[in-house]
Structure formats: structure tokens, C-alpha cells
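> with the sequence up front, the predicted model follows.
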Amino acid sequence: MNIALLGNPNCGKTTLFNLLTGASGKVGNWSGVTVDMTVRPLKRDKTVNIIDLPGTYSMNGGSKDRNVVKDYFSATPPDVVINIVDGTNLERNLFLTGELSVLGIPYVIAVNMADELEKNNIQLDTDKLSKLFGVFVVKISAKYSMNTDILIKLAMETKKSAEKIGVFIEGTEKEKYDFLNKNLKNIIVKKRTKNQKISEKIDRVTTGKYASILIFFVVITLVYFLSIKLGGLLGGKVNEVFRWLSESAEISLKMANAPEWFIGLTCRAILKGLGSVLSFLPQVVILFSLMSLLEDSGYLSRVAFVFDGIFCKLGLSGKSLIPLILSSGCTVTGIGATRTIESETERKLTIMLAPFIPCSAKSAVFGWLSVVFFNGSAIIATSLYFLSIIICIISGVLLKRLRCFQCNASTFFLEIPPYRLPSLKNVLRAVIDKVKEFILKAGTIVFAVGLMAWFLQNFGVTGYVGTDIEKSLLYVIGNGIKYIFYPLGFGTWQVSVSLISGMLAKEAVIETMQIIGSDVNTLFSSLSSVYAFMVFIMLSPPCIASLGVAKRELADKKLFWLMIVYQIVIAYVTALIINLIGNILIVANGLLFWVSVGIIILLIGISSIKRLLQDRCAHCKNNRGDKTCRQKKRYTI
């Protein structure tokens, strides 16, 4: 038996799916979390399959997540559908129920968040709602496992489809909403509560014109401060353990007269290399814990609302911000989330921009370099995060000038969820999944890269070279390409080969530098070159896994290679500018001076973006319609 779960984004569908199947799908207090179909057996009855469909407001439209729903119902309709609706927003959620009613598939309605109905003093008459649609209606709470057993029992007993609702067959969208609003007056009664009033007052601040940006800056700074400072402290302990293991193993192997190459492989390549990567596991745990708390609380939906106005001027919508935020965890996830965007042009432009946002792997590299060179300053990582946003905006403006990316922003329907206390269960699930992913990557890709780096460092054309590193293959490769990075301030062979290893996985940058064994402080010409190196890593093409997903989603080889070339050029030019400015100002070491320079650069960046986003000429779409505007001249003669 196949039971499909259908509902609006952010209705608690995936939470119910996890509860019924024991899965660990990602959940969040915002839309766009589920973008593909997932099938798992029911936990208590393996003969029953539960299908988690992407959250959608309607089955009509052109986005990829809606196509998944439509294709599934037309190709292999399930035996029964559980339609999950958010009890606190029935007017919007039941629109999809009406569309489901005309398909002729048996279904039941699960009114989720029953706990919040009582909390917000919302009275719901389930008998009248059941009579309106002609199906079973059950009030549940997926978060607290309330009435879920009853729901499954009713779903398995439902065999006949309900009568089709006429207005949803031939009526317009307005007629459909009028039908729902008219009937819901006798079904649901809402009374404003003290909590709702407080939430509205908070929203006036968090979504205000100026305070919202400041609050976002403070929140991100606090997130990176805690992850780098506290994570760095715990990571240092992890590194000490692996250093002790490496030294103990080296002593034991020397006493056993083991070959020098075997000692180097075991102690430096394996133990020391893995220790350098796993030492950043505490940072990843803290970073994702805090980001999961922000997701579950509902704050990130407010961030999407705040940036929607800016993105609209780029021809994008707030829908593009959701994939960009997800990219801060993993670029693969962010690119996958672009399936919720209806406009194909807007979707591809978002894919082009997503790799600029620093993922957890890049953040680990930033944390390590911040600890080594900047005394663990959280401002460094925060500045990189906001620089990535500025680069996304500027890139959006530049790429929109290409014919292949010229389009209007798609309509962005954003349902602002209520503020909720984050679910500890959801946060733990998200963190555990990320830890598994991080350890798996450290134990496979990063480990393999480390072994390759050690092999190339210790072997040359003539065989094993030992300490004569200038005869090694790694030196030959790094020395051959280091001149490319001279203008950026990190033109050493060690840094060059670490960038090559970072193409497979960004965490490998750290491991490669650790395995080579050079003093990191000697690899950069100045602190500005260190920052330029961090910027280059952030803006250069992502890991090979992300590139594979981007190639599949773009489905266009020319666009794919344009993305790679564009990211390399942007990374190189931006790092070059930062290093040049740093070299010019190297004589000034005062903190006040650097802060003043940073503020000036920030103001110039904001002014430049504002200038690019000014209203354009109505005749030729050129900025400001000045004297160089040929079309304006032609129309005004």
C-alpha cells in the first residue's frame, strides 16, 4: 500500500514523515525544505510505503517541485493521500485540498499543529470541515506525536474517493478562494492572543527597513563568533589528541625499525592529516546547531522577506534567497533547492550565484586561518559572509546583462511562519546528519586527497625522495603554477597545491598544508594576502560534488563552463584588489585606521550597488538614460 503525504510548504509534512518512518529528513520552519520525492516504509508496517512529496501551494505551475507532484499523481497515483494542512492558516492550505479533491484519489485531511490551535485560541469544527470535503478529518500534532496512530488507521481504511468540488474544476482562482473563505467562517473562529501581538511587535523590528539589516549583521556575527571561538577551543583539544597519537605512533614505529616512508605515511599523512580536519568538527557542530535554531525559530523566513526587495531589482525574487541560505550549509543542498523557482532563467541565475556563499567546508578553512593569523577573530569570517552577499548582488547585476539571464522576477509568495521555540529533536537530527556527512567526507575524499598529497610529496621521478622535497612530484606541480598566484600575495608552491586539492573538497586545503609540514606563517606575504587567500577560496568554484549537481541542474554545457570561468575570474580579481589595497596600506598598522578603511570600503561597495540598481532608461534599459544612450537619442529627435 502506498500513502502519499501532500501539503503546503512549512505545514509539518516532513516532520510527520520522519515520525511515521523513523527517517531523518531535513525539516525547517520555512518553505522550500523538501524539493524532491522521498519513499520510506512505515515504521510499524513495512508493507506500507510512505511517500513524502515536495511542499507546494498548488499543483498548477511550472516549478520543478510542482512538476514532481503532478508527474507522480498522473503516472503512479497512490492508494490514499494524507493531506497535511496547517491549522493556523487553513484558508491558504485548503486551496491545495480543493485541487486534490478533483483528482478522484482517496484522501484524508490531517489538521496539523493542533497544539498551536489551542495555544492561539483558535476553535476548529472538524465535523463541519469533514462535511465540506466529504472525507475524514483528524487534528494532529506531528511535533508531539498526537493522534498520528489514528490518522494512519483512518488512511489505511479509506478506500473510496470523495465527491469532486465543482468550483475547483472550472472556477477561477478568485472563485476558489471566495468559496473557501465563505465556508470557513462557520468552521474556524480566531481570537487574537497576547502572543500574536508580541510576535507582530517583534516583526516590526526584525523586518524594519534599517533595523532588519543591522539585526541580521549582529546575528551572523554572533553565530561565527561562537562557532570560531568555542569551536576553536574544543577543536584544539581534538588536535592535541591526534598530535599525541601521531608522536606516540612515530616513537613506536621507530623502535620497531619500520621504514621511513611507512612512518611518514602513518604518522603525518593519516593521523596528523585526519586530526587537522576533525579538529574543525566542533566548529561545524556549533555552526549548524545555531543555524538550525534560526531555521526552527522562523527567523530565516523574515530574512528572505527583508532581502526580497533587493533581489527583485536583480530580476530575482526572495525565492532565490532560500537556496542561497541553504548553501551556507552545503552548496549541493542550495543548488537542489532552486527547484522551487518557477522561472527557469531565474533558477539558473540562482545556481550561478549559490557557490559564492561560504559553505561549512569553506567556513572550516576560514576558522582555521582566523585562529592562526587573526587570533580567532569572528569579524573576519563575518566580513567574508557579507562580502559574499555583495558579490552575489554585483554578479546578479552583471549576469543580468547577458541575454540568457534577462527575465523578470517570478512572483514570490512567502508565508511568514509564527515564531516558535526550536525543536531540540529537529536541531539534533540536523546536526547529527551534518556530523555524519562531515566525518564521511573526512574519511573518504579528504583522506584520499591527503594520501595523494603525501605520495606526491615523498616520491619523484626517481622514486622515494624522503626529505629532498625539491625532487618530489608535488614540488614540481606546485612550483609550476605558483606564479599565477604571485599577484595575490600567496605565490608559494605549498599554497598552490593546497588549492588544487581544494577542488575535490575544500577541507582538503587544511589537510594538505598540514601534511606538507611547512610553517604556515611563511607562506603568505602579509595579513592582507591571507585575507585574499580566504576570499579566493570562498569565490572560486566549489567542490567537485557541487559542480556535478550544478551541471545536472543547469542542463547546459555552455552555462556550466560559463559558471566555472566566471567564478575563477571573480575570485582572482577580488583577491587581487584586496591584496593590492593591503599592500598600499601596509604601512598603517593602527586598528582604528583599519576599521576606518573597512567602513569606507563598505560604504563605497554599498554606493556602487545602489548606483547599479538605479532606475533604467525606459527605451533601452541602459542605466539612467544618459547622453550615451542611443535609443533615447533616437526617440527624442
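That came through fine.
> alpha carbons only for contacts and neighbour counts from here, please
OK.
> number of nearby residues for V80?
By other C-alpha atoms under 10 Å, 22 other residues sit near V80.
> that one bridge partners, please.
V80 has these beta-bridge partners by DSSP bridges: I3.
> need the pLDDT of it.
The model reports V80 with a pLDDT of 91.
> let me know whether it touches A4 as I believe.
Yes: the criterion here is C-alpha atoms under 8 Å, and V80 meets it with A4 at 6.6 Å.
> ranges for the strands of the stretch 1-150 of the chain?
Along the stretch 1-150 of the chain, the stretches classed as strands by DSSP state E, counting those that start in this stretch are 2-7, 38-42, 45-52, 80-86, 107-112, 122-124, 137-139.
> of all the ones you listed, which lies closest to G264?
Proximity of the strands of the stretch 1-150 of the chain to G264 was assessed by C-alpha to C-alpha; the nearest stretch is strand 38-42, lying at 45.1 Å.
> partners of that closest one, with directions?
strand 45-52 (antiparallel).
> what does the strand it pairs with rub up against?
1-6, 13-14, 17, 20-21, 37-42 (C-alpha atoms under 8 Å, 6 or more residues apart in numbering).
> how about the contacts made by V530?
L369, F373, G489, F490, F524.
> longest helix in the chain, by residue count?
Looking across the chain with DSSP state H, the single longest helix is helix 211-255.
> so what's the residue lying closest to S526 once chain neighbours are set aside up against?
Spatially, and ignoring its direct neighbours in sequence, S526 is nearest to G489 (7.3 Å; C-alpha to C-alpha, 6 or more residues apart in numbering). Contacts for G489 were tallied using C-alpha under 8 Å, 6+ apart; they are F524, S525, S526, S529, V530, A532, N579.
> could you redo the last one with a cut-off of 10 Å?
With contact set as C-alpha atoms under 10 Å, 6 or more residues apart in numbering, G489 has these partners: 523-533, 575-576, 578-580, 582-583.
> what mean pLDDT does stretch 303-320 get?
70.
> that older thread, of all the strands of the stretch 1-150 of the chain, which lies closest to K434?
strand 38-42 (18.9 Å).
> CA atoms only: put that closest one into CSV for me.
Backbone C-alpha positions of strand 38-42 (Å, rounded to 0.1, in the frame of the first residue of the first chain) are rendered in CSV as follows:
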residue,chain,number,x,y,z
THR,A,38,11.2,10.5,-0.7
VAL,A,39,9.9,7.0,-0.1
ARG,A,40,10.3,5.0,3.1
PRO,A,41,8.3,2.1,4.7
LEU,A,42,6.0,2.7,7.6
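> now it: buried residues?
For strand 38-42, burial by neighbour count (16 or more other C-alpha atoms under 10 Å) applies to V39, R40, P41, L42.
> about what we covered before: generate a PyMOL selection restricted to the buried entries among the contacts of G489.
Of the contacts of G489, the buried ones go into a single PyMOL selection, burial set by 16+ other C-alpha under 10 Å:
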select buried, resi 523+524+525+526+527+528+529+530+531+532+533+575+576+578+579+580+582+583
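> pLDDT below threshold where in the stretch 301-450 of the chain?
309-310, 312-319, 340, 342, 406-415, 442-443 (pLDDT under 70).
> again, 90 this time
Across the stretch 301-450 of the chain, the ranges flagged by pLDDT under 90 are 301-354, 357-450.
> and M563, what is it in contact with?
L349, I351, M352, L353, P355, P541, L547, A550, K551, L554, K557, V569.
> hmm, which of those residues are the buried ones?
Here, 16+ other C-alpha under 10 Å leaves L349, I351, M352, L353, P355, P541, L547, A550, K551, L554 buried among those.
> the last one against F560, yeah?
Yes: using C-alpha atoms under 10 Å as the test, L554 is close enough to F560 to be in contact (6.7 Å).
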